[in-house]
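# My questions concern the predicted model and sequence given below.
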Amino acid sequence: MMINQAIHDLEKNGFTIIDDFLTGEELTLIQKDYLDLRNEGKFKRAGIGKGSDLHLNDQVRSDETYWLDSLALNSSQQTLWNKLELLKQELNQGFYLGLWDFEAHYSYYPIGGLYQAHLDRFSKDDARTISMVLYLNDEWALSNGGELRIHQKDPSLPPMDVVPTGGKLVCFFSAEILHEVLPAKKPRMGFAGWWKRR
């Protein structure tokens, strides 16, 4: 039922929100992997653009990332990968998208960290088709900020702000949904990925 509703929402609105995509046990497992990598200093400043256009700009984007290697996943990462693979199959069946590859990273936003409004599909590369964001925070009060602001396809509708509660998954069409990360009053943990077509 959860997946059927997600497919319906994607078709209607261009995005969907699944509040409890991860169980409490799965969330704890993936949080530990995330924090272990943070403590080992594996996260790096994230840039804007791709290839020779890649550059840093704190006014536009100020997060840190750790890219996962699909050929070298540990058991925690494999658990998440497997769950997302099932979702990919449902998306392909629902939309005939031909999704075949997936790239993803852990993301860390420090206090005040942000990412200005943008689309996820590159101007010179249209492979990214479905974007997803999965939140890994424990408790998150509304007063903490840090929401994902989704600009809806219908310009007459106001933007929707998604609170980054742990276990919550957001999916949207990479080329259609303008979105941004609002500044937060506490560090913000997440996992972001893109399903790509050939």
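In hand now; what should we look at?

# Next, find the distance separating the nearest residue to L114 once chain neighbours are set aside from G193.
Leaving aside its sequence neighbours, L114 sits nearest to P183 (CB to CB, 6 or more residues apart in numbering; 4.8 Å). In short, each C-beta sits where N, CA and C put it, glycine included. Distance of P183 to G193, computed by CB to CB, to the nearest Å: 23 Å.

# And those two? Which one has more around it.
G193 (20 against 16; other CB atoms under 10 Å).

# The more buried one against A104, yeah?
Yes: contact criterion CB atoms under 8 Å: G193 and A104 qualify, at 3.1 Å.

# overlap in contacts of those two?
Common contacts of G193 and A104, defined by CB atoms under 8 Å, 6 or more residues apart in numbering, comprise L84.

# after the strand or helix carrying L10 comes which helix or strand?
Using DSSP states H and E, L10 maps to helix 2-13. The C-terminal neighbour of helix 2-13 among helices and strands, as given by DSSP H and E, is strand 15-18.

# What residues sit buried inside whichever helix or strand comes after that next one?
Downstream of strand 15-18, the next assigned helix or strand under DSSP H and E is helix 24-39. By neighbour count on 16 or more other CB atoms under 10 Å, the buried set for helix 24-39 is 27, 29-31, 33-34, 37-38.

# Can I get those in TSV including distance to H179?
TSV is the format used below for the buried residues of helix 24-39 (distance: CB to CB, whole Å):
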residue	distance to H179
L27	23
L29	27
I30	22
Q31	24
D33	25
Y34	22
L37	25
R38	24
